[in-house]
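Colleague: Sequence and predicted structure are below.
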Amino acid sequence: MDLKATFISGRTVDQGCNLENKTSKAYFDAAGYCEMNSADAGKLCVEPGNNVKVTTDFGSVVVPLKICEGNPDGLIFIPMGPWANAVVDPNTCGCGMPGFKGIPAVVTPTGETAPTMQQLMARLK
Amino acid sequence: MSEMLIKNATVYDPINGVNGDLMDIAVKDGKIVDSVGNSAQTIDAGGRLVYPGGVDAHTHIAGSKVNVGRIMRPEDSRTGIKPRTAITRPYTGYTVPNVYAMGYRYAEMGYTTAFEAAIPIMKARHTHEELEEIPIIDKGGLTLFGSNWMVMDAIREDDQDRLAAYVAWGLLASRGWGVKVVNPGGGEAWGFGKNVSGLDDPVPNFEVTPRQIIRNLAEVNEKMNLPHSIHLHCNNLGVPGNYETTLASFDICKDIKSRRDRQSLHVTHVMFNSLGGNHWGDFVSKTDVIADYLNKNDFLTIDMGQMIFGSATTMTADGPVQYRNSTTFKARWGNGDVELEDVSGVTPLYYSPQVYFYGVMWAMGLELALLTKDPWKVLLTTDHPNGGPYENYPEAMTLLMSKKKREEAIAKITEKAYDRWHITGIERELDWYDIAIKTRAAHAKVLGLVEQGKGHLGTGADADIAIYDIKPDETDATIEYDKVKAGFRRSAYTIKGGEVVARDGTITATPKGRTFWVRTTVDNDGYGRMMDDLKFKFRNYYSVNMGNYMVQNEYVEHPVVLETEYQ
Amino acid sequence: MQTVTLVPKEQFKISVEGEVITPDYFAGKSGSEIGALIAYEGNMPRPLSELFEIKVNGSAETADDVKIEINGNVARVKRIGEGMTGGRIMIEGDVDMRCGAKMKGGIITIKGNADSWVGQEMTGGEINVQGNAAFYVGSGYRGESCGMRGGKITVFGNANDFAGEHMCGGEIVIKGNAGIMPGLSNKGGRIVIEGNTTMPGSEMTKGTIIVKGEVENMMPVYQREGIEAIDGVEFTKYVGDVIVSGKGELFVK
Amino acid sequence: MIIKDVLCPFCGCLCDDLAVKVENNKVVDIMHACKIGESKIRGHDRIKAPMMRDNKNSEFREVSYDEAINESARILANSRRPLLYGWASGLCEMMKKGVLLTEEVGGIIDNTASVCHGPSALGVHEKGLPTGTLGQFANRADVVVFWGCNPVHAHPRHMGRYSVFNKGFFTNKGRRSRKVVVFDVRKTDTANLADEYVQVNPGEDYMVLSALRAIVAGRVDVVPDTVGGISREKLVEVAETLKGAKFGIVYFGMGLTQSRGKYKNIDNAVSLVTELNAHGKHSIIPMRGHYNVTGFGNVCAWETGFVNAVDMSRGYPYYNPGETCSNDLLMREEIDAAFIIAGDAGAHFPAQSIARMGKVPVINIDPFHSATTEMANIVIPTKVSGVELEGTAYRMDGVSLRMRKLVDVDFPSDEEVLDKIIAKVREIKGASS
């Protein structure tokens, strides 16, 4: 079971509150999740708090699910931060800016655990 | 401290009446003195031309408008590049140079003082941040008051004491030297995309007219005994037929007596405000009428705003003009409204000699300078970078000095301009003394900087001295204008405060310049009424708290403060 | 005829600014004189002799008689052929950004791929990219009113976004697909895209764009003007961009 | 002691009306701040001392400031293509030093705008920016558009202080004086407060902007039935709302700068606003993120002539986003050293870019342990600007203000560290030349 979706990242107030607190659980809670509407979650048969795996052409990341009814069908959101960065498009399109929004993605339910910020960074060293 | 002796200088120092005398100049501790000891550093001028350091009374060199220009125009910043050296930071830009090029290029031309012509009070901190970063030259700035709610409310309520208290507070808050009035009232109207059409068109929602704004500010300016007169950018700039508005604006201040030895009104970049005709089709130069007025009246000075063909970045607090420019010429438009105070606009333009109205306007700056008999009444400026960048002052100087050069330039201008101007009939060629007046002495006098030691070489003056590689007695500027232009472009020596800062057009030292500003004491109950009104406006309408508004001392590291009193 | 062969001595990682690699700089120079020309590897000035094996055959008075052959990978050498007025440059592999920028004449042939800004602000001459081209083919510098003003660029593979931005003249032919927004603000150039593209011709005031493949998204700013045949093939002709009262012609199959 | 008129060192709103109670050199109460600002001023766990490590996977060891500074200078002085990134959560005074250091080492200076509003600057190069100060909009705007931005989350006091709920001179009925329109790809918390929510298909903002321009230009006839997922009727209705404004203001965010077309979206939005000025007064302004990211653009522009992404390798500035921005350089693996200050590349660059940073020496100057710290070889803790240090910052509208100091700490300032690195770099370069 999977969901084809368009991925975007962006700011949230809690992510902002923990920008200088990045080693904390609070930062993980604020930035390490994926939002979609309940209809999409229903298609995946996942509940809020279950982990999902988000995969794009540029990588994949496991994060817990949250419901946000403001998202139209097929639109998923991960707050800006290391979790979103695992799946964004690094290509700058000749203007310096990588692709943080509008990336085709596939969401699948998963039993894997979500990585911490440090674990994500450790993969990149 | 250090002593210096400049020997064999052919000196033009109009403020002291020195007209081409061969003499020595003694310098001690950054000032001109009568004599120095034998151990003084000696520079042999070898009979070459020596002027006081150049003074620019109207230029846009710092602050948010200039930076908007830089940010908007990377293609400008990719020109004029010089890599860093052991002494200098990199240079960039032509119309909107970076702060380093800004100071270096003035110094390379023998200029040592420049005044920023438009400081919005709310953004004055930014202006001073840039001024501090501009190396070498001394600076100051003129603060915008022409569309300010505090100003208009005080005028409507006929409360000049309160107005004066606010002008004093605004000058302090912005660390300004003088009162700038741009398109009076029009800035407020532009808040809703409108403009005022003339001197008696009431400002929407404020019920005061441009005429009242000019008159009240001019009166208050004298009561405050400010060093400079009000500095006016007239209404209707760039509109054919605007010369009538300009003449009427002059008349507003005709009977105002200056408390100092200077004009009671300075009107800026008059080239843009001397347009005749009813539309661009029948547009003609009316500089003859403007010059005639100047020839008959002594209360008034102006500057040229000479146009230079090529790239320009226009920037002004005249917001509506810039909207019109950007839509007419399909050019980029930077607009910058400042709450409760004023507006501004930035638009890049290209002045082609093949476009007749640019051709005519090019001539008009020169006409103003040449048709006005008294050289002290018309300052040489390009309204940098509106008419063109200040690095072209030597071009403008030589155009004034040589009819032949003017003819050469005219030949490159479209013939469609020829029957709309007066330039072809003008024989006058300015001499070395006239140029000294128009590029330093009159600027200092108009700004009220003579007592501050600027624009002259008398004892006690600042040792700001330009030695040019030109021998006046051997050089015929009417013919050898290329040589003269090259000489003015790169001074042999520029001395700033007694220190050689440029040699043969190359920077040799980069001292920090000083900043001039005025503090006026207003000791009456107008001050209290003003503070009540100000606090009300901060509480209700400003987006910044009053406690964070005023420029702090940290931003003016080398201040020169002139104290005056309101009477 | 002077033939200069350059073979990179190493695989450059930090890009080298090689604006001295042009027929104009090389004309009439010996191998050691060419070797003494300075390129910049990041902030390090380096003589070409350190970076390339240089062979010179014959001699030439002018750029027109110079042929430069670059054998090896110069995917990290920028600005090759910048401002050249004549002669030829043959690049066997890939080339880095701004190849042929401000070029006035002559021919550059790139056997591999060209990175962004190939033919930036060129006014004449010819560039052939046999592989793919990255972003901004034949475009301008930031803030300049004109990109390419003359000459011809042919990309045999695909080109990425913003091809021909601010073009004021000349021709770009893309045999494969083009990325988004080709011919932005076109002011008089001709762009032929044989493959697919999306959102062509926004703010075009003059000039022509012909798309022989599919247009994924059409800009909502074009007036349909009927059917017209080009070289015997029927296209729908559009005129616009109407917002800027444009007279540009956009042909879509 | 209560310190008044305190500026908030978090977002581009740069609210300057905070009151902070300080006792015994400790912040004990913060008034008027939003949740984020309060969190920022209260602070979090600090890096206590400079640290170094040779291998990024091994543990840090504490070192002296001198040792960390000297080693940083050695790395930068010997680098051929160093990247100096971050800057946005610092003061203008240190940014000037940053430009100087970049010149000294022949590096590239880039700030966080390159992953935020960098494309907005590129849009300004194309079309300019009709804008103004936030108070101008507060006093006058009767039509307020938020396009691709979500101030409820990113700029929590914006709608209360400047744009929606506050009263102004010509907007004295507050919220009722204004019509609020939100364009976004999802119904955000900001959209929930709007009078009109217009949902745009992801990546199709550019076409929607062009369609609105066509309608404003009187060419509704060329507009198809739907554009970007929005019906023509709806677009006409919105265009009429915009045209009917006495003063319209468009606030925009990363929904435009980061989605397909990037800077072209800004270019087009500026054109729409410019063209609307034929009807009423209209302005547009980017919602800048960091409290002083606007300051960096200003400092960089007056120092170098360019707003950001300046390559000093040739001894003079060269600017070309797409070539000289951090992610351009990292993805090309050109960088041989990274100096990250007052910004967290580690947390806000794509993973592949960060992996490239993982291969070179990284110097991290920051008061807090960030994601960049995880990638760093040298970490130098400094003062928190605007809390422990006074100096200049620029609000999102370009109004420059002076940040206040609330408490004293022993850490050096960013500027002091930069000064020392510059001096050491000069010493090293002087010895080798």
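Modeller: It's in.
Colleague: and chain D, what are its domains?
Modeller: Chain D resolves into domains spanning D:45-116+D:291-432, D:118-286 when parsed by automatic domain parsing.
Colleague: where does the stretch 401-550 of chain B have low pLDDT?
Modeller: Along the stretch 401-550 of chain B, the model assigns pLDDT under 70 to no residue.
Colleague: Chain D contacts on that one?
Modeller: Remark: the part of the stretch 401-550 of chain B in contact with chain D comprises B:Asn540, B:Tyr541, B:Tyr542, B:Ser543, B:Val544, B:Asn545, B:Gly547, B:Asn548, using Cβ under 8 Å from any Cβ of the partner chain. C-beta here means a position set from N, CA and C on the backbone, and glycine is covered the same way.
Colleague: which of the residues you listed lies closest to chain A?
Modeller: Nearest to chain A among these: B:Ser543, at 21.4 Å, using Cβ to the nearest Cβ.
Colleague: How about the contacts made by the closest one?
Modeller: B:Glu339, D:Thr133, D:Leu134, D:Gly135, D:Ala138, D:Arg161, D:Tyr162, D:Val399 (Cβ atoms under 8 Å, 6 or more residues apart in numbering or on different chains).
Colleague: give me that answer again for 6 Å
Modeller: Contacts of B:Ser543 were listed using Cβ atoms under 6 Å, 6 or more residues apart in numbering or on different chains, and they are D:Leu134, D:Gly135, D:Ala138.
Colleague: again, but for D:Asn201
Modeller: So D:Asn201 contacts D:Gly228, D:Gly229 (Cβ under 6 Å, 6+ apart).
Colleague: Where does it sit: helix, strand or coil?
Modeller: coil (DSSP: H, G, I helix; E, B strand; the rest coil).
Colleague: pretty sure B:Gly193 contacts D:Lys281?
Modeller: Yes: assessed by Cβ atoms under 6 Å, B:Gly193 is found in contact with D:Lys281 at 3.5 Å.
Colleague: Comparing those two, which residue is more hemmed in?
Modeller: Counted by other Cβ atoms under 10 Å in any protein chain shown, B:Gly193 and D:Lys281 do not tie: D:Lys281 has more neighbours, with 25 against 20.
Colleague: The residue of the stretch 101-250 of chain D found nearest chain C - nearest residue in space that isn't next to it in sequence?
Modeller: Nearest residue of the stretch 101-250 of chain D to chain C: D:Gly106, at 2.8 Å (Cβ to the nearest Cβ). Counting by Cβ to Cβ, 6 or more residues apart in numbering or on different chains, D:Gly106 lies nearest to C:Asn43, which is 2.8 Å off, once chain neighbours are set aside.
Colleague: where's that neighbour relative to D:Ile109, distance?
Modeller: To D:Ile109, C:Asn43 is 13 Å away according to Cβ to Cβ, to the nearest Å.
Colleague: more crowded one of those two?
Modeller: More crowded of C:Asn43 and D:Ile109, by other Cβ under 10 Å: D:Ile109, with 31 against 19.
Colleague: what sits up against stretch D:368-384?
Modeller: For stretch D:368-384, the external contacting residues (Cβ under 6 Å, 6+ apart) are A:20, A:22-23, A:82, A:117-118, A:121, D:44, D:47, D:50-53, D:68, D:71-72, D:340, D:344-347, D:357-358, D:361-365, D:367, D:389, D:411-414, D:417.
Colleague: Distance from the chain centre to stretch B:320-332, please.
Modeller: 23 Å (Cα atoms, centre = their mean, to the nearest Å).
Colleague: buried sites along that stretch?
Modeller: B:Pro320, B:Val321, B:Gln322, B:Tyr323, B:Arg324, B:Asn325, B:Ser326, B:Ala331, B:Arg332 (16 or more other Cβ atoms under 10 Å in any protein chain shown).
Colleague: Nearest residue to the fifth one in space, please, no chain neighbours.
Modeller: Meaning B:Arg324. B:Arg324 sits nearest to B:Gly238 (Cβ to Cβ, 6+ apart), 7.3 Å away.
Colleague: Look up which helix or strand the one you found falls in, please.
Modeller: Following DSSP states H and E, there is no helix or strand that holds B:Gly238.
Colleague: Just the local confidence number for it, please.
Modeller: Predicted confidence (pLDDT) at B:Gly238: the value is 95.
Colleague: Over to D:Ser433?
Modeller: At D:Ser433, pLDDT is 59.
Colleague: Can you tell me the SS state at residue 94?
Modeller: No chain in the question, so chain A it is. With three-state DSSP as the criterion, A:Gly94 reads coil.
Colleague: Can you get me a residue count around B:Gly53?
Modeller: Neighbours of B:Gly53 under the rule other Cβ under 10 Å: 31.
Colleague: Quick check, the residue in the stretch 451-567 of chain B closest to chain C?
Modeller: Closest point on the stretch 451-567 of chain B to chain C, by Cβ to the nearest Cβ, is B:Thr506, at 22.2 Å.
Colleague: Counting neighbours, what do you get for the residue lying closest to C:Ser49 once chain neighbours are set aside?
Modeller: Leaving out its chain neighbours, the residue that sits closest to C:Ser49 by Cβ to Cβ, 6+ apart is C:Gly35, at 3.0 Å. Using other Cβ under 10 Å, C:Gly35 has 17 other residues around it.
Colleague: ok, C:Gly35 - contacts?
Modeller: The neighbours of C:Gly35, taking Cβ under 6 Å, 6+ apart as the test, are C:Pro47, C:Leu48, C:Ser49, C:Ile54.
Colleague: Chain A against chain C: which residues are in contact?
Modeller: Counting by Cβ under 6 Å from any Cβ of the partner chain, the residues of chain A lying close to chain C are A:Cys93, A:Gly94.
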